[in-house]
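Novice: Kindly return the folded structure for what I paste below:
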Amino acid sequence: MTSTAPADTRPDPPHDPDARALAAFGYRQELHRSLGRYASFAAGFSFISVLTTVFQFFAFGYAFGGPVFFWAWPAVLVGQLLVAACFAELAARYPISGAIYQWSSRLSNVTFGWFAGWIMVIGQIVVVAAAALALQMVLPALWSGFQLIGTDPAPTSADGAANAAVLGVILLALTTVVNLLDNRVLSLVNRVGVTAEIIGAVLIIALLLTHSERSPGITFHTEGAAESGLLGALLVGSFTAAYVMIGFDSAGEMSEETHHPRRTAPRTILTALGAAGLLGGLLVLGGLLAAPSLTDGRLAVDGLSYVLTSSLGDGVGRALLADVVVAITVATLAIQTAACRMLFSMARDGQLPFSHRLAKVNPRTGMPAAPAVVVGVLAASLLLLNFASPEAFLAIGTTCIVMLYLAYAMVTGPLLVARLRGRFTVDGTDETGTPLFSLGRWGVPVNALALLYGLAMTVNLAWPRAAVYDPAGGHWYFQWFTVLFLLVTLGAGVLYRLLRAQRVHAAGDAAPAAPEPTR
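Specialist: The predicted model follows:
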């Protein structure tokens with residue numbers, strides 16, 4: 001894609017092949033390139049953040065599916081691995097920030113790619129808000145003093161929903177500040193946080209499995225799925241796994257800050273998802289096996305926090321919950337960073353309002369400051385919905401998943417078309433002369449299955465089930481929240497594109513050139 005940013009006439013340093021590779025796409029190196037393989041892995045893993053997301057949505061999955069909801073986990077993992085394999089190919093060939101926007105634009109056209117990026121960045125902002133809300137599932141269980149509003153910590157209660165919004169806003173203020181600092185500080189926080197999360201997840205799994213109250217055969221019990229039936233239980237139960245296993249593309253988002261991204265990003269996309277999928281599945285299984293009771297109703301309300309403090313004792317349970325707080329903090333930070341890079345990438349091409357300001361990178365820190373503030377403020381604004389109704393907690397969570405799944409399909413779809421038309425090459429080498437990651441002859445079937453899976457899950461997640469989105473009744477806008485939010489997002493995008501085209505026409509300026517089709 002041709003950049004609309006001012007051209008930099010200075011030659012790239014001859015000793016910096018990564019900067020030369022970026023220049024071949026029409027961009028100059030502005031973000032500081034300081035991330036190694038583990039930092040790249042941490043970017044993807046911390047977005048997924050199994051401790052954050054499993055603790056946040058375990059209760060929901062169990063409430064609708066009972067123990068059998070566990071089996072939605074491996075199904076979603078397989079589907080997302082198909083998508084990740086396609087993304088790994090693209091990360092090797094287009095190591096540019098704003099991955100979804102860049103990939104979709106180069107595989108289709110600039111308009112389609114713009115909508116993919118638009119949907120993705122709005123979805124990422126919603127994910128930031130949803131991740132920040134996860135503190136409510138952990139902090140009050142860690143210490144009752146964290147319940148700043150009211151007395152009921154359940155996120156589905158009025159007190160819990162309002163308190164979740166307050167805690168979330170405080171967290172977003174912190175992550176916004178970190179996103180304004182040097183990216184080496186950001187990377188350090190990410191790496192330390194991910195290491196702590198992995199160690200904590202392994203310890204929690206080991207302790208839960210050694211405190212089992214029942215056998216794994218419990219996962220075949222369908223008592224909790226009686227009303228919706230087995231299929232319905234699995235479809236709704238899949239929300240938990242679907243929410244956990246998104247964001248692995250963040251390693252691609254950070255390509256312009258990664259050393260040897262053509263070699264590093266494909267590996268870290270796959271390893272981040274694989275590690276998160278394995279650990280998350282074991283966490284869900286361990287929680288089901290170690291729960292003091294499957295029928296007292298607490299597992300469907302308090303989730304894994306209840307299992308830890310009840311089964312492992314207050315001391316050990318609270319220590320592990322503190323590690324979960326670290327994971328939630330780092331996850332919110334990583335998701336906000338990914339959204340910042342998407343805004344920066346689109347603004348650099350002049351594709352957003354206030355592009356000049358959003359595309360500006362602080363030369364000292366190597367960080368785009370304006371996107372960090374924009375994402376933080378918009379995500380905090382979404383949290384205010386929690387004051388309106390507790391149902392907003394679930395509406396925000398499921399909406400962000402749908403947005404990201406749809407944006408992913410807007411990459412795998414054009415990629416499949418490009419493959420079938422022979423316009424997607426599997427040739428090429430990375431920075432060391434090693435052949436780029438490729439699916440080879442498996443490309444078409446893997447890509448086709450990835451697209452079908454993504455579209456099916458998008459419909460499943462967005463389906464306006466009253467029992468899921470408006471259990472109390474009387475809030476039709478929450479039942480249809482995801483669909484309405486998506487329509488508003490698309491409508492706002494169309495309106496902006498039309499107004500922008502009118503301004504360009506009135507000014508007599510030519511529209512930015514579309515990227516060359518992939519060959």
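Novice: Contacts only, for Leu82.
Specialist: If you count contacts by Cβ atoms under 8 Å, 6 or more residues apart in numbering, Leu82 has them with 446-447, 449-450, 453. Where you see a C-beta, it was placed from the backbone N, CA and C, and this is true even at glycine.
Novice: ok, the residues you listed vs Leu289, which is closest?
Specialist: Leu289 lies nearest to Tyr453 out of the contacts of Leu82, by Cβ to Cβ, at 28.6 Å.
Novice: hmm, back to that, export the contacts of Leu82 to a markdown table and tack on secondary structure, distance to Ser345 and pLDDT?
Specialist: Below are these laid out as a markdown table (DSSP: H, G, I helix; E, B strand; the rest coil; distance: Cβ to Cβ, whole Å; pLDDT from 0 to 100):
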| residue | secondary structure | distance to Ser345 | pLDDT |
| --- | --- | --- | --- |
| Val446 | helix | 26 | 98 |
| Asn447 | helix | 24 | 98 |
| Leu449 | helix | 28 | 98 |
| Ala450 | helix | 23 | 98 |
| Tyr453 | helix | 26 | 97 |
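Novice: Spell out for me which residue occupies the centre of the protein.
Specialist: Gly247 (3.2 Å; Cα atoms, centre = their mean).
Novice: hmm, back to that, redo the contacts of Leu82 as TSV? Include distance to Gly65 and neighbour count.
Specialist: Shown next, in TSV, are those (distance: Cβ to Cβ, whole Å; neighbours: other Cβ atoms under 10 Å):
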residue	distance to Gly65	neighbour count
Val446	28	21
Asn447	30	25
Leu449	24	18
Ala450	25	26
Tyr453	19	22
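Novice: Could you dump the residues you listed into TSV and include distance to Thr156?
Specialist: Compiled in TSV, these are given as follows (distance: Cβ to Cβ, whole Å):
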residue	distance to Thr156
Val446	39
Asn447	39
Leu449	36
Ala450	34
Tyr453	30
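Novice: so what's the residue nearest to the centre of the chain closest to, chain neighbours aside?
Specialist: Closest residue to Gly247 apart from its sequence neighbours, by Cβ to Cβ, 6 or more residues apart in numbering: Phe47 at 3.1 Å.
Novice: Low-confidence stretches in the stretch 301-450 of the chain?
Specialist: 393 (pLDDT under 70).
Novice: Pull out the buried residues from stretch 284-303.
Specialist: 284-291, 294, 298-303 (16 or more other Cβ atoms under 10 Å).
Novice: thinking again about what came up before, is the residue nearest to the centre of the chain located within a strand, as I assumed?
Specialist: No - assigned with DSSP: H, G, I helix; E, B strand; the rest coil, Gly247 falls outside any strand and is coil.
Novice: was I right about it contacting Ala338?
Specialist: Yes - between Gly247 and Ala338 there is a contact at 6.9 Å, judged by Cβ atoms under 8 Å.
Novice: shared neighbours of these two, anything?
Specialist: Phe47.
Novice: if we can go back for a sec, now do the contacts for the residue nearest to Gly247.
Specialist: Phe47 neighbours (Cβ under 8 Å, 6+ apart): 246-248, 250, 331, 334-335, 338.
Novice: can you give me the offset of the strand or helix carrying it from its chain's centre?
Specialist: For Phe47, the host element (DSSP states H and E) is helix 37-48. The chain centre lies 12 Å from the centre of helix 37-48; the measure is Cα atoms, centre = their mean, to the nearest Å.
Novice: Quick one: residues in contact with stretch 412-419.
Specialist: 83, 86, 89-90, 103-104, 107-108, 112, 424, 443-444, 447-448, 450-451, 454, 517-518.
Novice: so where's this structure uncertain?
Specialist: If you take pLDDT under 70 as the line, the chain has these spans: 1-15, 224-228, 393, 508-519.
Novice: Output the longest helix belonging to it.
Specialist: In the chain, taking DSSP state H as the definition, the longest helix is helix 313-348.
Novice: Following the chain past that helix, name the next helix or strand.
Specialist: That would be, after helix 313-348 and using DSSP H and E, helix 355-358.
Novice: Report the buried residues of that next one.
Specialist: Buried-residue list, helix 355-358, by 16+ other Cβ under 10 Å: 355, 358.
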